[in-house]
Every structure is written in C-alpha cells, then in structure tokens.
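A.B. asks: build me a structure from this.
(one chain, ligands or ions: 1)
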Amino acid sequence: MIPFSPPRIDDRTVKAVEEALRSGWITTGPRTKEFEKRIAAYCGVKKAIALNSWTNACELVLRWYGVGPGDEVIVPAYTYCATANIVMHVGAKPVLVDVLDDFTMDPDAVRHAITPRTKCIIPVDIGGLPAQVNAIMRIAVEQCGLFTPKLNLRSAGRNPQMLLGRALVLSDAAHSFGAVIGGQKLGTQADITGFSFHAVKNLTTAEGGALAFNLPVPFDHEELYRHFNTMSLHGQSKDALAKTEPGAWRYDVAFPGWKCNMTDLQAAIGLVELDRYDNDTIPRRRAICARYDAAFKSDARFIAPTMKDATREGSYHLYMLRVAKATEEQRDAIITAIAKREVSVNVHFIPLPMLTFYREQGYRIAEFPRTYGNYCQEISLPVYYDLTDAQVDEVIAAVKAATSEVMGS
Ligand SMILES: Cc1ncc(COP(=O)(O)O)c(C=O)c1O
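C.D. replies: Here you go, the predicted model:
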C-alpha cells in the first residue's frame, strides 16, 4: 500500500532528538529559542514564537486581540475545522465565506462579510497555495471605518484593537510554510501568520506550530514575543530556563494564561527539517507535483491544482486533484476504487457547514456553491519526500483506472 503522507524520519532526525534527550534539557530551552530565531530569519520577520500547535498558537492570537462574545471572525467555509474551532473556543462567531476556484478565500466575499463586529479575518492557504492575503489586507485597511474597538481591553499594558484600528488579519498558513507571495516568503504579508508543524506537514516537529509577527508600528515585537511567551506558560513571569539562572527562582503570575509551549525535543526535529527544507524537501515535493501535472493536465477528465501563478508559489503540501464531472458519490466511489489498487488518498476537507456541529449552528452548504463544487470533485494524492517516481506513476495509474471504472471513460 502506498501511504498518504508519512513523515521523513532518518538517522539525522533520530540523532538530533537523541542529543536533545541526553542534553539534560527536554522542555522549552535553547533548541526552541534557536528554532524561533531561525523561523523568524527564514520568514523575514522580526519575531517568531514556536508553540505546541497551530491551533493553540492561533487561539492565543484571538485571546490577545480580545476577540470574544459578540465579535465576528471571517473564515472560509472550505477549511479544516481548527480554523473555526478556535473562534468558537473564544466565544465569538465564525462568519463563513465562499472560496475561489483555486480553493482559497474569495476576497470579494470578505469585503461583503465585514461588519462593525468583525474583529479578525482568517484566510487559509489550502494545500500550500497562499490565499490572496495582500488583497485581504487592503480590504481590512479600507474597511477600518467600520471597526469598533473594545475600549476596556488591555493586553500587555496596551489595547491592541485601539493600536491597530481595524480587523486583524491572521493568516492560516498551516500548510504553507515556505510559500511565496510576490517573491517574499510567507510571514511579511498578514499581521500574524500561523504555521503548523503537525506530523503530516511539509516541515514537522511531530506536533507543533509557530507564529510570525508582522504588526505595523507602533507594535513592539520584543514586547509581543514576551507577552505570547507568558501567555503560553500560565501567565508566569519566568519560564523554566530563566528560573535556572542562579538565585532566580522567584516568579509571579500576572494573569491566568494557557499552557502550549514547544519542547526542545520537538525543536530538535524542527531544526533538522529547517536545515534541509529549501534545498531538499521543497525541490522533491515540487518534482512530485510536476510529475502529477504532466499526467493530469493533458487529460480532460481532471482539473489539476494551481501550485504556482504570476504572484504566488505554494509549498507543494497537497496535490488537490479534481475529477471534472464527478458528483460527491462518484468521487467517493473513485476513492474506494483507488484504495483497491493499494494507494491511499484523502479528501481535503469536508467543508465546515457539512460537519454536524457547524450544521447544527445553522450554517448551510447550499450558501457556499464553490466550496461544495470543489469538495465534491476533490481527491488529494500522496506527496511526501520518500515517494519515488515509480510510486508516483503507480498512483497516477491507479487514479486513472479508478476514474475510468466509475465514470465509464
Ligand atoms: C488548514 C489548517 N488549519 C489549521 C490546522 C491545525 O493545525 P495543528 O494540528 O498544528 O493545530 C490544520 C491541521 O491540519 C489545517 O489543515
């Protein structure tokens, strides 16, 4: 069976984790701090923080920005549940919008969805292709007249809603570490960009995530970093590493924070992954996707995904193929027929309005026709470093044979 997305674990990864284990420091420490500096340099931002998942990292962002009951957050209907779940966790309302043909959030739909209650917009870089983040930033700025900051909000001594004066743009870049917009790596486009380093992601730390901060003047990035660090450690004034300084045992708790720090074991994996990301991981993933492109772009039964266009280059995270004329039932039958041929594929994602919880909240898939149309035809093919060209050809053969079996041509 060809698996869908196993992580790349080799002797180098094992050695790095072993060294961390034997170093005597296994929780947040020097390796995590090094990983954060390397992520910030890679993304071209002043500061980045590494935490234990995208979900917890981005939930901290909403909490820091004071998003809560009565507020709205704009989210695409086509995404993983985490994007909307964090909005539910803070008691705000996800306002869903439809996507474009390339699966990313429709900026025009965002423009129409903004209200005086909108506190945040979360574009999603699905499959690794960046959403139209620059256009969405422009809309957030243009519509700042509608923005109504909470007056009594103080975070790290300042009111971030008053300082920014508009909806915060938090990019869900869970899939797109290393992707590019206008020649620049992701991180310098949205106000804050959130990455995931979950086991199936291009760059993994087993579980993990990071935030790249790109807020305008007068935000102080050192202060932001310290504040998020404190938020991630119960609101405690010193982390475990700082308390190891001689005599530095005393600490305080300024507010009841959360617990979502990254460990040095995770950072050890991340540092190895980062070292070989641009010169090895991405080129291999790009080559796999090019091989799929060559097979599917010339076959009218399929719609190949956008991996690159005039302004964007994705991270080659997923190959989101579509079967042009398939209904949802036919797509499901094709997946079963592919599985019979010993190939694992997936669907990214079941749209939010089709999940029980969100349906019960009153969201209706009929209001998001592009989301539903794309979802019905979508099949994600295996893309991972160790997938050989011969295996890619097996996947192609299985997909084509399964499609003929179900669609009759
Ligand atoms: C689009 C999207 N956003 C957010 C997440 C959540 O990431 P994490 O598992 O690191 O919390 C995922 C995870 O797969 C995702 O696909």
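
A.B. asks: please make it C-alpha for all contacts and neighbour counts, starting now.
C.D. replies: Noted.

A.B. asks: residues making contact with the strand or helix carrying L265?
C.D. replies: If you go by DSSP states H and E, L265 is part of helix 264-275. Applying C-alpha atoms under 8 Å, 6 or more residues apart in numbering, the contact partners of helix 264-275 are 12-13, 16-17, 20-21, 25-32, 35, 203-208.

A.B. asks: among the residues you listed, which ones lie close to the ligand?
C.D. replies: G208 (C-alpha under 6 Å from any ligand atom).

A.B. asks: what does the stretch 1-150 of the chain put close to the ligand?
C.D. replies: Residues of the stretch 1-150 of the chain lying near the ligand (C-alpha under 6 Å from any ligand atom): S53, W54, T55, T79, Y80, A82, T83.

A.B. asks: go again using 5 Å as the cut-off
C.D. replies: Neighbours of the ligand within the stretch 1-150 of the chain, by C-alpha under 5 Å from any ligand atom: S53, W54, T55, Y80, A82.

A.B. asks: residues of the helix holding L265 that come out buried?
C.D. replies: Across helix 264-275, burial judged by 16 or more other C-alpha atoms under 10 Å covers D264, L265, Q266, A267, A268, I269, G270, L271, V272, E273, L274.

A.B. asks: what's the following helix or strand after it?
C.D. replies: helix 282-296.

A.B. asks: helices and strands around that following helix, which ones?
C.D. replies: helix 389-407 (3 or more C-alpha pairs under 8 Å, 6 or more residues apart in numbering; DSSP states H and E).

A.B. asks: and the helix it packs on, what does it pack onto?
C.D. replies: Right, helix 389-407 is packed against helix 282-296, helix 328-340 by 3+ C-alpha pairs under 8 Å, 6+ apart.

A.B. asks: what residues sit buried inside stretch 250-257?
C.D. replies: Applying 16+ other C-alpha under 10 Å to stretch 250-257 flags G257 as buried.

A.B. asks: could you give the mean pLDDT of that stretch?
C.D. replies: Here stretch 250-257 scores 92 as its mean pLDDT.

A.B. asks: and it, how far from the chain's centre?
C.D. replies: Chain-centre distance of stretch 250-257: 30 Å, with C-alpha atoms, centre = their mean, to the nearest Å.

A.B. asks: run through who's touching it.
C.D. replies: So stretch 250-257 is in contact with T230, M231, S232, L233, H234, G235, Q236, S237, K238, K243, going by C-alpha under 8 Å, 6+ apart.

A.B. asks: closest to the ligand out of the residues you listed?
C.D. replies: S232 (14.5 Å; C-alpha to the nearest ligand atom).

A.B. asks: closest one of the buried residues of helix 264-275 to I335?
C.D. replies: E273 (31.3 Å; C-alpha to C-alpha).

A.B. asks: show me this protein divided up by domain.
C.D. replies: According to automatic domain parsing, the chain comprises the domains 11-274, 277-407.

A.B. asks: tell me the most buried of these?
C.D. replies: domain 11-274 (a mean of 20; mean count of other C-alpha atoms under 10 Å).

A.B. asks: what's the end-to-end length of that domain?
C.D. replies: Separation of the first and last residues of domain 11-274 by C-alpha to C-alpha, to the nearest Å is 16 Å.

A.B. asks: near the ligand, which residues of the stretch 151-300 of the chain?
C.D. replies: Within the stretch 151-300 of the chain, the residues that sit near the ligand (C-alpha under 5 Å from any ligand atom) are A174, S196, H198.

A.B. asks: dump those residues to a markdown table, plus pLDDT.
C.D. replies: Converted to a markdown table, these look like this (pLDDT from 0 to 100):
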| residue | pLDDT |
| --- | --- |
| A174 | 98 |
| S196 | 98 |
| H198 | 98 |
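
A.B. asks: and the pLDDT at P218?
C.D. replies: So P218 comes in at 92 (pLDDT).

A.B. asks: any idea how far it is from the ligand?
C.D. replies: The gap separating P218 from the ligand is 29 Å, by C-alpha to the nearest ligand atom, to the nearest Å.

A.B. asks: how near is the residue nearest to T403 when sequence neighbours are not counted to R291?
C.D. replies: Closest residue in space to T403, ignoring its immediate chain neighbours: I334 at 5.7 Å, by C-alpha to C-alpha, 6 or more residues apart in numbering. According to C-alpha to C-alpha, I334 and R291 sit 21 Å apart.
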